[in-house]
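Student: take a look and give me a structure for this.
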Amino acid sequence: MAAKKAASKKSAKKTARKPNAAFMKAMQPSAALAKIVGDKPLPRTEVVKKLWQYVKRNNLQDKKEKRNINADEQLREVFGGKRTVSMFEMTKLVNDNLS
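Tutor: Here you go, the predicted structure:
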């Protein structure tokens, strides 16, 4: 009986999420970031998605600490010269490379 109540509560609270317009606005990547994601304006969400594809494709995610990214030469330009960046810090550094 308790499981039935919990299930009905969950479905009652579901509402459609609206995407934040600020995240969906196409932004121009810097020259350093354009080497990785392309030089066309993209929404911030797409830029982060393409960065993660690049990280996975080049095995740049730290083996022990999965939250860290070990930058190669191209990413180091985007990350302001840092060799290792946390995934949370990455989003801030990416924002600095968008205009």
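
Student: how about the strands in this structure?
Tutor: 26-27, 42-43, 68-70, 84-86 (DSSP state E).

Student: so where is this protein shaky, pLDDT-wise?
Tutor: 1-15, 19-20, 22-23 (pLDDT under 70).

Student: what's the first-to-last distance across stretch 55-75?
Tutor: By CA to CA, to the nearest Å, the extent of stretch 55-75 from end to end equals 9 Å.

Student: just the helices in this structure please.
Tutor: Along the chain, counting by DSSP state H, helices occupy 2-13, 21-24, 31-37, 44-57, 73-78, 87-96.

Student: export those to a markdown table and tack on mean neighbour count and distance to residue 63?
Tutor: All C-beta spots, glycine's among them, are computed from the backbone N, C-alpha and C. Shown next, in a markdown table, are those (neighbours: other CB atoms under 10 Å; distance: least, CB to CB, whole Å):
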| stretch | mean neighbour count | distance to residue 63 |
| --- | --- | --- |
| helix 2-13 | 8 | 37 |
| helix 21-24 | 10 | 30 |
| helix 31-37 | 17 | 21 |
| helix 44-57 | 16 | 13 |
| helix 73-78 | 17 | 17 |
| helix 87-96 | 15 | 15 |
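
Student: of all these, which lies closest to residue 65?
Tutor: The minimum distance between residue 65 and the helices of the chain falls on helix 87-96, with 10.2 Å, by CB to CB.

Student: against residue 26, how distant is residue 54?
Tutor: 19 Å (CB to CB, to the nearest Å).

Student: about what we covered before: dump the strands of the chain to CSV, plus mean neighbour count and distance to residue 98.
Tutor: Output for those, formatted as CSV (neighbours: other CB under 10 Å; distance: least, CB to CB, whole Å):
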stretch, mean neighbour count, distance to residue 98
strand 26-27, 15, 4
strand 42-43, 18, 9
strand 68-70, 20, 18
strand 84-86, 16, 16
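
Student: would you turn these into a markdown table with distance to residue 36?
Tutor: Listed next are the strands of the chain as a markdown table, based on distance: least, CB to CB, whole Å:
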| stretch | distance to residue 36 |
| --- | --- |
| strand 26-27 | 14 |
| strand 42-43 | 11 |
| strand 68-70 | 12 |
| strand 84-86 | 14 |
